[in-house]
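Trainee: Turn this into a model:
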Amino acid sequence: MKKILFFAVFVTFIFSAMSLVIACTHPSDSFAAEVLLNKQGIDYHLSVIENSENVLARDNGEYIFKSRSEELYTILKEVGEKLSVRIQIPIRTEYVKQDYTRIKNTIKSDEFLTNLTGWDVQCSYSSCVFNKDELSVMTNEISDGKYSVTVEIQKETGKCGSTKCDGRCLYYAAENFCVPNEYINELKEFVTATKLAASVDSILNSAEIERQSYQADDLIPELEMEIDWKEAMKNELTFLKSSAVIGITDKDIAEISELAARGQAGDNLKILYGEDRDGKKRWLYYYETKSPIIQKPLDCEDYPLSELPNKYIVFNKNAEAFYYAIPAALIAGVVALFFILLVVSRIMENRKNHRHPVESPTK
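Mentor: Numbering: from 1, shown residues only. Okay, the predicted model is just below:
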């Protein structure tokens, strides 16, 4: 119980601080997909990358090069004794003014579903955080079937005033403001999909409201593009395999690629091989593992195009040939050893026969 209470307080603190002290509103993980190749039997050879051209080596251990898919970039990094493979949209840091509206309420729900498509979902123990563009929803189970719900809109919301509000009018202090229909509709879909409440009114009515603004750095995508993340991950893992950077089966590549999606990156959301809550071992998201532990909330590292290689990676043929030559050399060595032992065996047999000649039978 203490662990659950600590986590709830910790997540609440993190979420409360997001709009005030964090270095970025949208972390770099929001523009990436990542897998940790931690399954037993998968190996890797980073020296192939180290000896290649058009690779950016950062001080934090990252190796960055232009991906084979779209305009993405591939980031390789050792995590412990395993390799992380990440495909990333180029992003830059930009100083922005950010407004937000926070709506807090407490509601009851007999059934709350967290398997929600189209949102970045992060759950552990009794708390969940759902993110979609400028809209965030945090839930925390206070007791059986009772949840605290915090909705945050990270965008300026105008006053209702004399003009018609294309959405929902809410009241804060002595003022009113308009929540646009785009967010109301998203919340309606959220409530329906998660079964958190009978309607969105359960969240908005009689809610505690807070409105503020702040100025901070944020991460902005350098390119706007539609990306097939599953295909991009499959292409990159296949390319790394064919280039002798990783040793992995096609089956594992297919299972990993099926999970790839924008935002499934970072300590809490990345893909890895582990045991789920039913005790089954498989490729899954970190938060789906049996005992996930919340990690640092946000990574604000930027990857601006101005610092990234603009040409595809070129492998050092000597280094690449070296890795292909190792198995061939081992096979050749085994064959040579076999023939040497065969020759030695024949010589020993001939010497034995010479010392002890077989006598002809007498008549």
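Trainee: residues touching Glu301, list them.
Mentor: Applying Cβ atoms under 8 Å, 6 or more residues apart in numbering, we find Glu301 in contact with Ser28. All C-beta spots, glycine's among them, are computed from the backbone N, C-alpha and C.
Trainee: Spell out the secondary structure type for it.
Mentor: At Glu301 the chain is in coil, as set by DSSP: H, G, I helix; E, B strand; the rest coil.
Trainee: what do you get for Lys234?
Mentor: Put simply, Lys234 is helix when judged by three-state DSSP.
Trainee: Which pLDDT value goes with the residue lying closest to it once chain neighbours are set aside?
Mentor: If the residues on either side of it in the chain are set aside, Lys234 comes closest to Ser257, at 3.8 Å by Cβ to Cβ, 6 or more residues apart in numbering. Reading off the per-residue confidence, Ser257 sits at a pLDDT of 97.
Trainee: same thing with Lys155?
Mentor: Lys155 is assigned 79 on the pLDDT scale.
Trainee: And Glu50, by the same measure?
Mentor: Reading off the per-residue confidence, Glu50 sits at a pLDDT of 91.
Trainee: Please report phi then psi for Ala254.
Mentor: For Ala254, the backbone dihedrals are phi -60, psi -40 (criterion: degrees, to the nearest 10).
Trainee: quick check: longest strand of the chain.
Mentor: When the chain is scanned for its longest strand (criterion: DSSP state E), the result is strand 91-108.
Trainee: Glu275: which element?
Mentor: The secondary structure element spanning Glu275 is strand 271-275 (assigned by DSSP states H and E).
Trainee: no, scratch that, I was asking about Ser345
Mentor: Mapping Ser345 onto the secondary structure by DSSP H and E places it in helix 317-355.
Trainee: Go ahead and confirm Tyr312 touches Tyr73.
Mentor: No. With contacts defined as Cβ atoms under 8 Å, Tyr312 does not count as touching Tyr73, sitting 11.0 Å away.
Trainee: Dead centre of this protein: give me the residue that sits there.
Mentor: Ala265 (1.6 Å; Cα atoms, centre = their mean).
Trainee: My guess is that residue contacts Glu34. True?
Mentor: Yes. Because the distance of 3.7 Å satisfies Cβ under 8 Å, Ala265 is recorded as touching Glu34.
Trainee: which residues do these two both contact?
Mentor: Contact criterion Cβ under 8 Å, 6+ apart; residues shared by Ala265 and Glu34: Arg86.
Trainee: one step back: tell me the helix or strand right after the longest strand of the chain.
Mentor: If you walk from strand 91-108 toward the C-terminus, the next helix or strand you reach (DSSP H and E) is strand 120-124.
Trainee: so what does that next one touch, helix or strand wise?
Mentor: Secondary-structure packing of strand 120-124 (3 or more Cβ pairs under 8 Å, 6 or more residues apart in numbering; DSSP states H and E): strand 127-132.
Trainee: The strand it packs on - contacts with which helices or strands?
Mentor: On the basis of 3+ Cβ pairs under 8 Å, 6+ apart, strand 127-132 makes packing contacts with helix 2-17, strand 120-124, strand 135-143.
Trainee: Now the longest strand of the chain: buried residues?
Mentor: Of the residues in strand 91-108, those scored as buried under the neighbour-count criterion (16 or more other Cβ atoms under 10 Å) are Ile91, Thr93, Gln98, Tyr100, Thr101, Arg102, Ile103, Asn105, Ile107.
Trainee: Out of those, which two sit at the greatest distance?
Mentor: Looking at the buried residues of strand 91-108 by Cβ to Cβ, the two members farthest from one another are Thr93 and Ile107, with 37.6 Å of separation.
Trainee: give me the element the residue nearest to Lys234 is part of.
Mentor: Under the criterion of DSSP H and E, Ser257 resides in helix 250-259.
Trainee: can you give me the angle that helix makes with strand 271-275?
Mentor: In terms of direction (axes from the mean of the first three to the mean of the last three Cα atoms, to 10 degrees), helix 250-259 departs from strand 271-275 by 110 degrees.
Trainee: For helix 250-259, buried residues please.
Mentor: Asp252, Ile253, Glu255, Ile256, Ser257, Leu259.
Trainee: Let me see the domain layout of this structure.
Mentor: 2-90+222-315, 94-219, 316-358 (automatic domain parsing).
Trainee: Check the buried residues of helix 250-259 against Ser148 and report the nearest one.
Mentor: Here the nearest of the buried residues of helix 250-259 to Ser148, counting by Cβ to Cβ, is Leu259; it sits at 30.3 Å.
Trainee: in the sheet, who's paired with the residue nearest to that closest one when sequence neighbours are not counted?
Mentor: Here the nearest residue to Leu259 in space, its sequence neighbours aside, is Ile271; by Cβ to Cβ, 6+ apart that works out to 5.0 Å. With DSSP bridges as the criterion, the beta-bridge partners of Ile271 are Val35, Tyr285.
Trainee: Report the separation between Ile271 and Lys77.
Mentor: As for Ile271, its distance to Lys77 is 15 Å (criterion: Cβ to Cβ, to the nearest Å).
Trainee: out of those two, which sits in the busier spot?
Mentor: Using other Cβ atoms under 10 Å, the more surrounded residue of Ile271 and Lys77 is Ile271, with 27 against 18.
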